[in-house]
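1. What follows is a predicted protein model with its sequence.
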There are 2 protein chains.
Amino acid sequence: MSSPRESSSAPASWVRGPIADLYSSYVAAAALSAAQQLGILDRLAEDGQAPFGNGGDESLSDTVVRAVHRTLHWARVVEVKDEEVVIPGALFAEAYAARGYFYWLVKGCGELFSIAPDVALAERRTGDFYHRDMRAVAVGSRLIGDEEVEPLFDRILADPPVGKVADLGCGSGQRLIRILGNHPDARGVGVDIAPAAVQLAAESVESAGLSDRITLLQGDVLELEPRLEFADVDTVTCVFMGHDFWPYDSCVQTLRRLRTAFPAARRLLICDVVRTSELPSPDTTIFTLGFEAVHALMGDYLPTLDQWQEAFRESGWKCLNVQPTTVPPNGYLFELSPVAD
Amino acid sequence: MSSPRESSSAPASWVRGPIADLYSSYVAAAALSAAQQLGILDRLAEDGQAPFGNGGDESLSDTVVRAVHRTLHWARVVEVKDEEVVIPGALFAEAYAARGYFYWLVKGCGELFSIAPDVALAERRTGDFYHRDMRAVAVGSRLIGDEEVEPLFDRILADPPVGKVADLGCGSGQRLIRILGNHPDARGVGVDIAPAAVQLAAESVESAGLSDRITLLQGDVLELEPRLEFADVDTVTCVFMGHDFWPYDSCVQTLRRLRTAFPAARRLLICDVVRTSELPSPDTTIFTLGFEAVHALMGDYLPTLDQWQEAFRESGWKCLNVQPTTVPPNGYLFELSPVAD
């Protein structure tokens, strides 16, 4: 075959069409992320319309809002009417449902994608070699989980009801607050490695009037030791952070350690997204490429479903049930109980 | 109509399909930008294949290269064969031709897109409120211009031949070096506001053995005064920076000032991309949404074609010819001559 460099690719074949759409889609994904943070999507969902520009709100750049709306018009997420207002477009409902994924991707991880070719260099992959907007990652993850994962937890935790729950990687504390709302006699303990998350969770817990029922601890979930607050925990939950347990040996060690740290735990519920093995195709789901690429860039190992099952067996946890999730795609909720020694 | 928030959008309707593709396309655009910088695209173009991973080159992260290739496989830019090698995919030739646009977008401007919702806030739009990777912007712009704009300049400058050319916003100096290569008796002067660009241009000019024929000056093109080096310039060129002349009054002033600064100039050649007025559609070209969104985010005014023509008339330049370019789309090369006073 002749080299593609030699075979001239006439501009007419690519200034419009799939490659041009790939380009515009990058801009549209960024516009969707921006519209999420700016409250434009919520406003459209609630009111059915929004101003095309800043609508007289001088705290917002009129030019930027117009550029966001023009771009979302291209993507059929909104429809610009008479250059005055925007209304939901043909794909609005789907885009709105998926907004957390875009916010996680662009605001949360966009900077890392930009410098991808730099961090691909081995010499660059030491120390703090990347930055993510962890607030946006947390907000995006919450929106991702709210749709299916959290209702699933609520159903499982209802029977048998929770006595005391420990949420590992508790983030903003919303899950604990919700669970305790559903279980008026239950108590909770949250652990997160990020001091900012613990602080935020403490404020949320206080606002919810639950300070006497929820304890918050700053610490590394991978290094938990037994302690008084853990002694009577019957239920341990861990959402969207299980891949941090890996690679394999580290995961087995952490899973064993959880048995020791929580001696009364009857169940451990882990929900996480696993790595796909097949090549991506037109059928590839939302999140998949972004989730896998980001973790490759960060140098974090992502296990497959089979690898999780092997680690459960080796670490003394019996997997009672595996519940796949539609959103996030490739997500699984593992219901585990400790194997008697 | 019912509110889109109320109308449940079943996950099955969006975990695959156009919204999922929008998401994956963001990742694919980033992968294309990374592959450009890492030399993967050039290698595929030259050799017709490349290793799936790092191919034993320990200076590159194997995991990251695989993630890049898996993503480009999704976009049909490459085809992964047996998890061992990649070959050009169905869209490789088009993507390769367009690589400069993606590099400009993602590596050059990606960080700005990520923080778009922050810089949309008026209170944030002062001082150095954004950062772009200007090296990537310059490399991307050069790749964008190499396809059609620079050959167009070469044809125009051939007749009548250049005596002395001034390149405004000369960047790395490549244009001056090429023009002087085509015109062995010509001389040149380059002006750029960025000291790093002037330094880079000086090195390139010296490497090309043209130090005695090209003068480089650090300065603001919008504030040029007459000087000895400009006195005998017959041709002034200005590529992809004309929008910096705007808004309107400033543009007219700058265009007038160029007449004074270059009293012997017979022609002024300006090539730039203009703002589109119609709403974007499935026919929207590559670059358009990204170029317009980035300048909106930066707060830089982009003129339309009509506005340029008006500014030429008012500032005493006669527009002899307007040549639209296919790449970049919405680009125009204006051939101007000074109106006799």
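-> Cool, the structure landed. Only a predicted model underlies this, so the values are computations on that prediction, with no experimental measurement involved.
2. Get me the contact residues on the stretch 101-250 of chain A for chain B.
-> A:101-102, A:105-107, A:110-111, A:113-123, A:125, A:133, A:147-148 (Cβ under 8 Å from any Cβ of the partner chain). In this view, the C-beta of every residue, glycine as well, is placed from N, C-alpha and C.
3. at 10 Å what do you get?
-> Neighbours of chain B within the stretch 101-250 of chain A, by Cβ under 10 Å from any Cβ of the partner chain: A:101-125, A:131-133, A:136, A:147-148.
4. hmm, which of those residues are the buried ones?
-> A:101-120, A:125, A:132-133, A:136, A:147-148 (16 or more other Cβ atoms under 10 Å in any protein chain shown).
5. Among the residues you listed, which lie within helices?
-> Among those, the members falling in helices (DSSP state H) are A:101-103, A:109-114, A:116-119, A:136, A:147.
6. which residues touch residue A:23?
-> Contacts for residue A:23 (Cβ atoms under 10 Å, 6 or more residues apart in numbering or on different chains) come out as A:14-15, B:25, B:28-29, B:32, B:95, B:98, B:101-102, B:104-106, B:284-290.
7. How about the most centrally placed residue in chain A: what's its closest non-neighbour residue?
-> Nearest to the mean C-alpha position of chain A, by Cα atoms, centre = their mean, lies residue A:141 at 2.8 Å. Once flanking residues are discounted, residue A:141 sits nearest to residue A:240: 5.4 Å by Cβ to Cβ, 6 or more residues apart in numbering or on different chains.
8. Over to the one you found: give its phi and psi.
-> Main-chain dihedrals, residue A:240, degrees, to the nearest 10: phi 60, psi 20.
9. check contacts around it.
-> A:137-138, A:141-142, A:144-145, A:149, A:169, A:171, A:270-273, A:328, A:331.
10. ok, these vs chain B, which is closest?
-> The shortest approach to chain B among the contacts of residue A:240 belongs to residue A:328, at 8.5 Å (Cβ to the nearest Cβ).
11. Spell out the secondary structure type for that closest one.
-> Taking DSSP: H, G, I helix; E, B strand; the rest coil as the rule, one finds residue A:328 in the coil state.
12. Name all residues that make contact with it.
-> Contacts here follow Cβ under 10 Å, 6+ apart; on that basis residue A:328 touches A:100-101, A:104, A:141, A:144-145, A:147-149, A:240, A:271-273, A:285-288, A:291, B:11, B:15.
13. circling back: show me the contacts of residue A:23 that map onto helices.
-> Using DSSP H, the members of these that fall in helices are B:25, B:28-29, B:32, B:95, B:101-102, B:288-290.
14. Now tabulate those residues in a markdown table and tack on pLDDT and distance to residue B:198.
-> Putting these into a markdown table (pLDDT from 0 to 100; distance: Cβ to Cβ, whole Å) gives the following:
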| residue | pLDDT | distance to residue B:198 |
| --- | --- | --- |
| B:25 | 98 | 38 |
| B:28 | 98 | 36 |
| B:29 | 98 | 32 |
| B:32 | 98 | 31 |
| B:95 | 98 | 33 |
| B:101 | 98 | 26 |
| B:102 | 98 | 28 |
| B:288 | 97 | 31 |
| B:289 | 98 | 32 |
| B:290 | 98 | 28 |
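15. Only the buried subset of these, as a ChimeraX command please.
-> With 16+ other Cβ under 10 Å as the criterion, this ChimeraX line picks the buried residues out of the ones in helices among the contacts of residue A:23:
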select /B:25,28,29,32,95,101,102,288,289,290
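16. Roughly how far does the residue nearest to the centre of chain A sit from residue A:100?
-> Applying Cβ to Cβ, to the nearest Å, the value for residue A:141 to residue A:100 is 7 Å.
17. what distance separates the start and the end of stretch A:280-291?
-> End-to-end span of stretch A:280-291 (Cα to Cα, to the nearest Å): 13 Å.
18. repeat for stretch A:184-194
-> This stretch, stretch A:184-194, spans 28 Å end to end (Cα to Cα).
19. before we move on, what about stretch A:100-111?
-> Termini of stretch A:100-111 sit 17 Å apart (Cα to Cα).
20. Then stretch A:97-108?
-> 18 Å.
21. Could you do stretch A:123-143 as well?
-> Using Cα to Cα, the two ends of stretch A:123-143 sit 36 Å apart.
22. That one - what's its average pLDDT?
-> For stretch A:123-143, mean pLDDT is 93.
23. now it: how far from the chain's centre is it?
-> Distance of stretch A:123-143 from the chain centroid (Cα atoms, centre = their mean, to the nearest Å) equals 11 Å.
24. for stretch A:29-45, same thing?
-> 17 Å.
25. Would you mark the buried spots in that stretch?
-> Neighbour-count burial for stretch A:29-45, counted by 16+ other Cβ under 10 Å, picks out A:29-38, A:40-41, A:43-45.
26. same question, stretch A:138-156
-> Applying 16+ other Cβ under 10 Å to stretch A:138-156 flags A:138-145, A:147-150, A:152-153, A:156 as buried.
27. just stretch A:12-21 next, same as before
-> In stretch A:12-21, counting by 16+ other Cβ under 10 Å, buried: A:14-21.
28. and what of stretch A:273-292?
-> Those would be A:273-276, A:280, A:284-292, for stretch A:273-292 by 16+ other Cβ under 10 Å.
29. Ok, stretch A:207-218 next?
-> Within stretch A:207-218, the residues that count as buried by 16+ other Cβ under 10 Å are A:208, A:210, A:213-216, A:218.
30. what's around residue A:161, how many residues?
-> By other Cβ atoms under 10 Å in any protein chain shown, 13 other residues sit near residue A:161.
31. Now it: closest residue in space, sequence neighbours ignored.
-> residue A:183 (5.6 Å).
32. residue contacts, residue A:283?
-> By Cβ under 10 Å, 6+ apart, the neighbours of residue A:283 are B:16-17, B:20.
33. Where do the domain boundaries of chain A fall?
-> Per automatic domain parsing, the domain ranges recorded for chain A read A:14-97, A:116-338.
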